[in-house]
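>>> What shape does this take:
(3 chains)
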Amino acid sequence: MKLFKQDYHRIAGLSALMLISALLFLFMDIQGSLSYALPRRFWMLMTIMIVGISSGIATLLFHTITHNRILTPAVMGFESLYILIKTALVFWLGSSFNWFGSTILKFAVESSIMLGFVLMLYRGLFQKTEDLHRLLLIGIIFGVLFASISTLLQRILEPAEFDILQGRLFAKLTLPDPSLILLCLGLMSVLIGITWRQRYLFDVIALGRTQALSLGIDHSKAVTKILILVSVFVAISTALIGPLTFLGFLAATLAYQLTHNHKHYLLIPMAGLLGCIFLVAGQVILEHLMGMAGALTIVIEFIGGILFLTLLMKKGRL
Amino acid sequence: MQYLIREKMPFLLSCIALLLLACGSLAVGSYSIGFDNLTTSKGLDLFEVSRLPRTLALILCGASLSVSGLIMQMLTQNHFVEPSTAGSMQSAALGMLGITLLWPEAPILFKMGFISLASLAGTLVFLSILSRLSLKTALIVPLIGIMFGAVISALTTFIAIHFDLLQSLSAWTSGDFSGVLKGRYETLWIVAVVTVFAFIVADRFTLVGMGKSFATNLGVNYKRTMFIGVLMVAIVSGIVVATVGILPFLGLIVPNIIRRLRGDNVRHNLPWIALLGAGLVLLCDLIGRLILYPFELPLGTILGVIGAAIFLYVLIRGPSEVI
Amino acid sequence: MIEVQNLSKSYQGNNVLENINVKFERGGITAIVGGNGAGKSTLLSIISQLEEADTGHVLFDGQNIGSISRELLAKHLSILRQDNHLVGRLTVRDLVSFGRYPYSKGRLTQEDQNHVDTALRFLDLESLQHRYLDALSGGQRQRAFVAMVMCQDTDYVLLDEPLNNLDMKHSVAMMKMIRRLADEQNRTVLIVIHDINFAAAYADRILALKQGKLICHDCPKTIMNSETLELIFDTPVKVEEHDGRPLAVYYR
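Numbers count the residues shown, from 1 in each chain, chains lettered A, B, ... in the order given. As a prediction, the model looks like this:
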């Protein structure tokens, strides 16, 4: 019973850490006019918090349906798929197509197409393929394929542009359109609400297909539901800053380490908080202490990649 | 005689096909070159400075990378390992960044040597990770290799950001042959030598692939042969990355296609692999040059699409005994 | 009552089950026996709707089981298979509480808690209830899973090889517990089991399958003779009397 309390204490502690990092992010080393810098920092903070929370929870849910802790939506190519869809739409509609001035419409179309593809490509894969390694490899190569096609399309769009590859190498922290941030914030809140309501269902699904079926859950319906949630979470984070393969993996993996009791009412806030902290605290440290403002995402890829590699080596299956 | 025709005919025909592709590669470009103006000084100049080097470079890279892939597959006894799924190419790119930062004016051969050494180090680290793996399934080997490559790439990108070299890095690694000119590709002949050497020692790699005790029992020095194999792959990866950039999946798909068509005999497959590798690269390059004429799409990107698609096909549809 | 009618199932051209017709009456323990690949687990999986049959159907109290919603079925029939490796960290009590999910959807009432307590007591897990499953031995973990199934409070309990990975002592304890489940709680238990002697000693009926075909479905006394057993298992078996019970001897 004591251990349960410890879990609550840890969530409280992480929340405090989150708050401190957010304050530092907003006010540390502020120069020049406050009225210029502060709103910019505020929107940036909102953006990376949304991305952190979305990636953390998306990965957690993905682990729950796939019944293992190695596969993540990003590693399985979801983010590359979203970027491919974005690029393909520009390719066919032309870059001058302005979606009737509506960011919401654009995002809605992009994420619906993504949803369709995810359900089409991955649903069967998860239910048929038992072999984790094959699944993982297929996912990774899907990701490479999507990314290569995106690059190809971008090249065809702008043949004279030579640094397109850059966008593929890592995500950049540039400030998105505030209306997109607000849209993502609203959407994420709805998704979190749905996720929270289903927290007990997720606990049962985590027991595995057989046990979930025996306990009266329509497993394939639940898988579809979770894949939809995951896809939209991924669409949100990718739309805001781009592909971040290992952020969700880092957040979820650490959430399991820090939580004694692996029930979703503890894991969901834990993964969300950790995703947030990695980005906010990481950016504070890199920008203000190391003077490398642009390197955050690549540092996360590096550390996350090493952790992923170690886990993959240590446990043949998870 | 009939036997000869049956055995050699397909290979001869394929050689002719490769020749035709090469002629196509020589003929395509923004300045049209035909037999009529090859005799003019401008035509000849262009031919000698740009077209011929490019076509030769393509053939050399295609053949040598495919053979390197086969060598790696023999050494690790795994059909999915090749220089870009074992960290060799990514390490070469890191080495290239390193030498550019440390000694940018270094003589070309020194640079190539340094980059190959980096590739060698990376490949050896990958192999030592593999030997420490508790559960070695056929698929975890390329998985670890791909992840290892991703980690090295992240490190490379990080350093590039720090020194503000990101632009150059993406230009180097894109697998672009448009910059191949006379005087900038000649080191690739070293790669050709390595490939020919592979033909000579191929049988030993097969034995080494059977395992340490097996090879030693048949009088093959396991460690030395293993090292020579890895060294050859590293030299090829290093020089190719330094000259044109990363060409993904080539060493994976070509040997696997040939294996499917012709079975598992390495010695008989080698010429086919070299031939198909060269042909595939020539073809992809031609496609890249023609789609958006007069603009070009880099070969690395086209190979990424085609290679990933074929790899996926093998993974999903392939018979299980192949995997 | 569960009624299986004309059931067939094949995987990639291999007939795993061929035209099975059988009735399972309420009450008692039925042991399903047979050699490797006889179709035992598949039969259990189809009855519990984990897999679909190619032809034929399963009737549950006269109603086609496929037409009963999963939610409702979970209150009448539960299954425990062998492949239950857990990825997360849970306490014994957490796991057992999942048995109440069909009733309370995770928000446990006092009544649910009482059920959990009863199940924990029944399986002698009270002292372990706050321990994490990954810190338990195989036998203890197995008991926790059985407690969860018991907590589900269903008339029918299907267990797929519950003795897998259990040593002699724990196997006997598990079988005694299953016997009590049938006797004291009036559950109908179907178990897949390898050891014919365990089946004969504890089950009320034995159902034998061989290469997907039903060989016999009868009380242990009728089945425990060397002729029938040799037909089922394809290996020489002698049956001897021990303490007034038949005992199959097949080790040499």
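>>> Just the element for the residue nearest the centre of chain A, please.
Against the mean C-alpha coordinate of chain A, by C-alpha atoms, centre = their mean, the closest residue is A:Ser55 at 2.3 Å. Under the criterion of DSSP states H and E, A:Ser55 resides in helix A:34-66.
>>> And C:Leu214, by the same measure?
Judged by DSSP H and E, C:Leu214 forms part of strand C:213-218.
>>> Report the buried residues of that strand.
Of all the residues in strand C:213-218, those buried under the rule 16 or more other C-beta atoms under 10 Å in any protein chain shown are C:214-215, C:217. For glycine as for every other residue, the C-beta is placed from the backbone atoms N, C-alpha and C.
>>> Ok, stretch A:292-312 next?
For stretch A:292-312, using 16+ other C-beta under 10 Å, the buried residues are A:294-309, A:312.
>>> and that stretch with chain C, contact?
No: Stretch A:292-312 stays clear of chain C (C-beta under 8 Å from any C-beta of the partner chain), getting no nearer than 12.6 Å.
>>> So what's the gap between that stretch and the chain middle?
When distances are taken as C-alpha atoms, centre = their mean, to the nearest Å, stretch A:292-312 is centred 14 Å away from the chain's centroid.
>>> Same check on stretch B:131-139?
Using C-alpha atoms, centre = their mean, the offset of stretch B:131-139 from its chain centre is 25 Å.
>>> count of residues packed around residue 98?
In the absence of a named chain, chain A is used. 11 (other C-beta atoms under 10 Å in any protein chain shown).
>>> Wait, chain C was what I had in mind.
25.
>>> isn't it right up against C:Met148?
Yes: using C-beta atoms under 8 Å, C:Phe98 is in contact with C:Met148, at 5.6 Å.
>>> what kind of secondary structure is residue 7 in?
This is for chain A. helix (DSSP: H, G, I helix; E, B strand; the rest coil).
>>> sorry, should have said chain C
Assignment for C:Leu7 (three-state DSSP): strand.
>>> and if you look at C:Leu209?
Assignment for C:Leu209 (three-state DSSP): strand.
>>> For it, the count of nearby residues, please.
27.
>>> who does it bridge with?
Bridge pairing for C:Leu209 (DSSP bridges) gives the partners C:Leu214.
>>> Report the contact partners of it.
Contacts for C:Leu209 (C-beta atoms under 8 Å, 6 or more residues apart in numbering or on different chains) come out as C:17, C:20, C:32-34, C:38-40, C:43, C:215.
>>> show me where chain C has strands.
For chain C, applying DSSP state E gives strands covering C:2-11, C:14-24, C:28-33, C:55-60, C:63-64, C:77-80, C:156-160, C:188-192, C:205-210, C:213-218, C:238-242, C:245-249.
>>> What of chain A?
With strands called from DSSP E, chain A shows none.
>>> Any residues of it in contact with chain C? List them.
So chain A meets chain C at A:1, A:63, A:67-69, A:199-201, A:203-204, A:206-211, A:213-218, A:256, A:259-263, A:318 (C-beta under 8 Å from any C-beta).
>>> Sort out for me which of those are in helices.
A:63, A:199-201, A:203-204, A:209-211, A:213-214, A:256 (DSSP state H).
>>> Can you tell me which of those is nearest chain C?
A:Tyr200 (2.4 Å; C-beta to the nearest C-beta).
>>> Just give the closest residue to that closest one, not the sequence neighbours.
C:Gly106 (2.4 Å; C-beta to C-beta, 6 or more residues apart in numbering or on different chains).
>>> list the contacts for that neighbour?
Going by C-beta under 8 Å, 6+ apart, the list of residues near C:Gly106 reads A:199-201, A:203-204.
>>> Show the pLDDT at it.
For C:Gly106, the pLDDT comes out at 83.
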